[in-house]
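Visitor: show me the folded form of this:
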Amino acid sequence: MTETKSKNEKSRADRPTVCELLHGLDIGGAEVLAADLARGLADRYRFVFICLDNLGPLAEQLKADGFEVACLDRRPGIDLRCMFRLARLLRQYEVDLIHAHQYTPFFYAACARAWRRGPPILFTEHGRWYPDYPRRRRIVFNRLMLRSRDRVSAVGQAVREALVQNEGLPRHRIQVIYNGVDVERFTPRPERRAPVRQSLGLCETDFVIVQVARLDYLKDHVTAIRTMGRLVRQVPTAKLLLVGDGPKREVIETEIQAQHVEAAVRLLGTREDVPELLWAADVCLLSSLSEGIPVTLIEAMAAQLPVVATRVGGVPEVVQDGQTGLLVSAGDDAGLADCLVRLANQPELRRQFGLAGRRLAEQIFSQPLMHQQYADCFHEMLG
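Guide: From the prediction side, this is the model:
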């Protein structure tokens, strides 16, 4: 933390200023990526964070690291006041480049500089809403407001295609930069497996499944719970750990009771010890309706866990079906249960999938590679 703070406090003249513009700083894929990017590139760029809607737990961590953080408290609908406040902050922080994470921050960034020459925007799309379809007004807006110095990045090929088809953005303007994680942080530590299981009240003989995801409707935890309803009839030792929090917690608790799996499903909430939870598990599950490039799956692969997931968005770009995990259609609780039964009965297959996943994480989804690609993009835009 001290090193990051000292880097970020170098004089303004030494480094261009990059504004990380987000909805908020809750713990999620886009937010964690932005925070890690700022820490990783703090010796080359001065980073400031502006949130449209709320701060969140990452805000305090970033402030402690020496980063400036502001919130605009955006009102519902199109908030003109928010646009003017954003424009003032960009001038106040002397921002040289705006890195807008997801579409709404891009929209506000483009509007905030509409009346004057402003900094270029890198619009990074992390995922897509479900269902996803073209919106004519947005297509017109995108074509009018995207300037020559602006760039667009997508976290995967599927996300890139959605930007072309549904946002009308030129394919040649969109670069794919895969999400990356600190692979070494997730390197398995077998000696931690038993103590972590014991702390969670789990037995060594339990077949432990972990799903790390915000409790949001797009993650479709209801399907995960229905999967467990099927699975425990065939694998009585199966246990599901749900890591994360969010607005659908009550819905999930209701489904747990409806499926009579109270003894098999644990809601752990937001956790700081995700690597240890992965080391204690046998399989990683993700039951999403829509995804970009899920960081949680990359983390699981780095921890040498096999994956069972739904074949949505960029998931097939992360999980190689039949090589690092098994994929089924969204909402298919029977298919997910069949995959989990197969892995429960084949520990050698789990081991093979885990080793292959670790190799893939090291080769394609490493954090240093991702940081360098963003740094190259910043450099080219500011050239």
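Visitor: which residues are in contact with residue 330?
Guide: By Cβ atoms under 8 Å, 6 or more residues apart in numbering, the contact set of residue 330 is 220, 223, 287, 288, 289, 310, 311, 312. C-beta: built from backbone N, CA, C; applies to glycine.
Visitor: that one: what's its closest spatial neighbour, skipping adjacent residues?
Guide: Nearest non-adjacent residue to residue 330, counting by Cβ to Cβ, 6 or more residues apart in numbering: residue 310, 4.4 Å away.
Visitor: contacts only, for the one you found.
Guide: Contacts of residue 310 (Cβ under 8 Å, 6+ apart): 220, 223, 286-289, 327-332, 336.
Visitor: now it: phi and psi?
Guide: Dihedral pair for residue 310: phi -90, psi 150, per degrees, to the nearest 10.
Visitor: quick check: it vs residue 339, distance?
Guide: Relative to residue 339, residue 310 is positioned 11 Å away (Cβ to Cβ, to the nearest Å).
Visitor: and for the two, which residues touch both?
Guide: Shared contacts of residue 310 and residue 339, defined by Cβ under 8 Å, 6+ apart, comprise residue 328.
Visitor: low-confidence stretches in the protein?
Guide: Applying pLDDT under 70 to the chain flags residues 1-13.
Visitor: again, 90 this time
Guide: For the chain, the stretches with pLDDT under 90 are 1-14, 27-29, 56, 114-118, 128-131, 383.
Visitor: strands along that one, start to end?
Guide: 17-22, 46-51, 68-71, 97-101, 121-125, 151-154, 174-176, 207-212, 238-243, 265-269, 283-286, 307-310, 325-328 (DSSP state E).
Visitor: would you turn those into CSV with distance to residue 29?
Guide: Compiled in CSV, those are given as follows (distance: least, Cβ to Cβ, whole Å):
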stretch, distance to residue 29
strand 17-22, 11
strand 46-51, 16
strand 68-71, 19
strand 97-101, 10
strand 121-125, 11
strand 151-154, 13
strand 174-176, 16
strand 207-212, 10
strand 238-243, 14
strand 265-269, 18
strand 283-286, 12
strand 307-310, 15
strand 325-328, 18
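Visitor: of those strands, which is nearest residue 366?
Guide: Each of the strands of the chain has some distance to residue 366 by Cβ to Cβ; the shortest is strand 174-176, at 15.2 Å.
Visitor: what about that closest one, distance to the chain center?
Guide: Its chain's C-alpha centre and that of strand 174-176 lie 17 Å apart, by Cα atoms, centre = their mean, to the nearest Å.
Visitor: what residues sit buried inside it?
Guide: For strand 174-176, the neighbour count (16 or more other Cβ atoms under 10 Å) marks 174, 175, 176 as buried.
Visitor: and what of stretch 250-262?
Guide: For stretch 250-262, a neighbour-count test (16+ other Cβ under 10 Å) marks 252, 255, 256, 259, 261 as buried.
Visitor: any chance you could list what contacts that stretch?
Guide: Stretch 250-262 is contacted by residues 215, 221, 222, 225, 226, 228, 229, 232, 240, 242, 265, 267 when judged by Cβ under 8 Å, 6+ apart.
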